[in-house]
Every structure is written in C-alpha cells, then in structure tokens.
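*Asks:* give me a model of this one.
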Amino acid sequence: MKDIKVFGFEGCPYCKEMQDLLNGENIPFRYIDVDDEKNESLVDEILTKNNLDSVPVVVIGNTILAPDDSFDTIKEGFELIKRFLGK
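*Replies:* Model prediction:
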C-alpha cells in the first residue's frame, strides 16, 4: 500500500470528513496536524514549498492532491485517492 499523508488542522470539518472517508474504507494514512510545531519541517516541505494554503492536502507517494487544484469537493478528492490506490 502506498504511503498516504493527510495534512489538516484540529477543528477543520473538511479534514475530518476526509479522515472519516478514509477510515470508513479502511485506508491507512498518517494525519499531519499543520499547527503542531513538531510537524513544521514537513509542513514547510510540502505546503509552504508548493504554495498551498487550503487543507486537507493529501500526499500519496510523490503526488500532492490539494483542494481547488486537484479536487473541488472532499468526496471528489476521496475518489481520486481511491483511483491512485486502484480501488
């Protein structure tokens, strides 16, 4: 299975929806809280470097799926993730 990271922050309803959809399909992922200082270097590497300012951002291997760039709705983003995983 490909490594999946979901970048978001506490209280974000869209981030929660993405997590719920992934959990509902038993798709393993690592949640990265963008407000947690221990994740600062990873946030800089992915979000800052790519000028991304909306969440949830999903990283599958080297592919970055971001709101407004890759998908318009959380459901659409989730369907993209499933396609990348061959589901």
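
*Asks:* give me the most central residue, the chain.
*Replies:* Taking C-alpha atoms, centre = their mean, the centroid of the chain lies closest to residue 58, which sits 2.3 Å from it.

*Asks:* secondary structure element for it?
*Replies:* strand 57-60 (DSSP states H and E).

*Asks:* who does the helix or strand following that strand pair up with?
*Replies:* Using DSSP H and E, the helix or strand that follows strand 57-60 towards the C-terminus is strand 63-65. Using DSSP bridges, the strands paired with strand 63-65 are strand 57-60 (antiparallel).

*Asks:* and the contacts of the strand holding residue 58?
*Replies:* 2-8, 18, 29, 46-47, 64-67, 77, 81, 84-85 (C-beta atoms under 8 Å, 6 or more residues apart in numbering). To be clear about C-beta, it is placed using only N, CA and C from the backbone, and glycine gets the same treatment.

*Asks:* how about the strands in the chain?
*Replies:* 4-8, 30-33, 57-60, 63-65 (DSSP state E).

*Asks:* can you tell me which of the ones you listed is packed in deepest?
*Replies:* strand 57-60 (a mean of 22; mean count of other C-beta atoms under 10 Å).

*Asks:* export that one to PDB, keeping only CA atoms.
*Replies:* Output of strand 57-60 as PDB, limited to C-alpha atoms (Å, rounded to 0.1, in the frame of the first residue of the first chain):
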ATOM      1  CA  VAL A  57      -3.900  18.300   1.400                       C
ATOM      2  CA  VAL A  58      -3.300  14.600   0.600                       C
ATOM      3  CA  VAL A  59       0.100  13.300  -0.300                       C
ATOM      4  CA  ILE A  60       0.400   9.900  -1.900                       C
END
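
*Asks:* residues near residue 84, how many?
*Replies:* 15 (other C-beta atoms under 10 Å).

*Asks:* gap between it and residue 77?
*Replies:* Using C-beta to C-beta, to the nearest Å, one gets 11 Å for the distance from residue 84 to residue 77.

*Asks:* anything in contact with each of the two?
*Replies:* In contact with both residue 84 and residue 77: no residue, using C-beta under 8 Å, 6+ apart.

*Asks:* on that earlier part again, output the strands of the chain in a markdown table; the columns should cover mean pLDDT and distance to residue 22.
*Replies:* Formatted as a markdown table, these follow (pLDDT from 0 to 100; distance: least, C-beta to C-beta, whole Å):
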| stretch | mean pLDDT | distance to residue 22 |
| --- | --- | --- |
| strand 4-8 | 97 | 7 |
| strand 30-33 | 97 | 9 |
| strand 57-60 | 96 | 9 |
| strand 63-65 | 95 | 12 |
